[in-house]
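>>> Output the structure for:
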Amino acid sequence: MCPGSFDPVTNGHVDAISRAAALYDELVVAVLVNPGKAGLFDVAERMALIGEAVSGLANVTVDSFDGLLVDWCRSHDVPVIVKGLRAVGDFEYELQMAQMNRELAGIETVFLPTAPHVGHLSSSLVKQIARFDGDVSGLVPPRVNDRLVQITGGRP
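Numbers count the residues shown, from 1 in each chain. This is a model prediction of the structure:
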């Protein structure tokens, strides 16, 4: 499973999901429900946007989770978490999480380095660019771009 906030899903996420889907018979993309954090998109819309972006991948499903990721994995018999890594800072944080997830539930984590052409992307940067009327059409799937333009009043 590939967990994340995906607020919004970027071309970097889609690349990592596509590559992970090629490694496993089934892949679940799981959107974190975090009631303490107001997202730009609600969870249902994030799930729909991801579903549309990966609709060509027959072995990928989209779900959501709250609470501990390892609890969701255990209840769905998911033995592996796949995490994309952009930079050393990601690795330091994700390694600690991977070690804790293994300690808590025996769930393994596989790290997938981002492809160079999308390694600079993050949802936070995309939102910031869109809020300042920047063109993010090359950074996100087309439907995500359309929604960002609607929400921010930015350029098409």
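>>> And the helices in this structure?
For the chain, applying DSSP state H gives helices covering 11-21, 43-53, 69-75, 88-105, 123-131, 142-152.
>>> among those, which is the most enclosed?
Counting by mean count of other CB atoms under 10 Å, helix 11-21 has the highest mean neighbour count of these, with a mean of 21. The way it works is simple: take the backbone N, C-alpha and C, and place the C-beta from them, glycine included.
>>> What's the mean pLDDT across that one?
For helix 11-21, mean pLDDT rounds to 97.
>>> what's that helix in contact with?
Helix 11-21 is contacted from outside by 2, 4, 6, 27, 29, 50, 53-54, 57, 59-60, 82, 84, 86, 110, 112, 114-115, 118-119, 121-123, 138-141, using CB atoms under 8 Å, 6 or more residues apart in numbering.
>>> Any regions of the chain where pLDDT drops low?
Residues of the chain that meet the criterion pLDDT under 70 lie in 154-156.
>>> 90 - rerun?
When residues are selected by pLDDT under 90, those of the chain lie in 34-39, 86-90, 92, 131, 151-156.
>>> excluding its backbone neighbours, what's nearest residue 119?
Sequence neighbours aside, residue 86 is the residue nearest to residue 119 in space, at 5.1 Å (criterion: CB to CB, 6 or more residues apart in numbering).
>>> next one: phi and psi at that neighbour?
Backbone torsions for residue 86, taken as degrees, to the nearest 10, come to phi -100, psi -40.
>>> Distance to residue 37 added to the helices of the chain, as JSON lines?
Shown next, in JSON lines, are those (distance: least, CB to CB, whole Å):
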{"stretch": "helix 11-21", "distance to residue 37": "18"}
{"stretch": "helix 43-53", "distance to residue 37": "11"}
{"stretch": "helix 69-75", "distance to residue 37": "15"}
{"stretch": "helix 88-105", "distance to residue 37": "17"}
{"stretch": "helix 123-131", "distance to residue 37": "12"}
{"stretch": "helix 142-152", "distance to residue 37": "17"}
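>>> For the residue nearest to residue 65 when sequence neighbours are not counted, give its distance to residue 101.
Ranked by CB to CB, 6+ apart and with sequence neighbours excluded, the top spatial neighbour of residue 65 is residue 72, at 4.0 Å. Distance, residue 72 to residue 101, by CB to CB, to the nearest Å: 11 Å.
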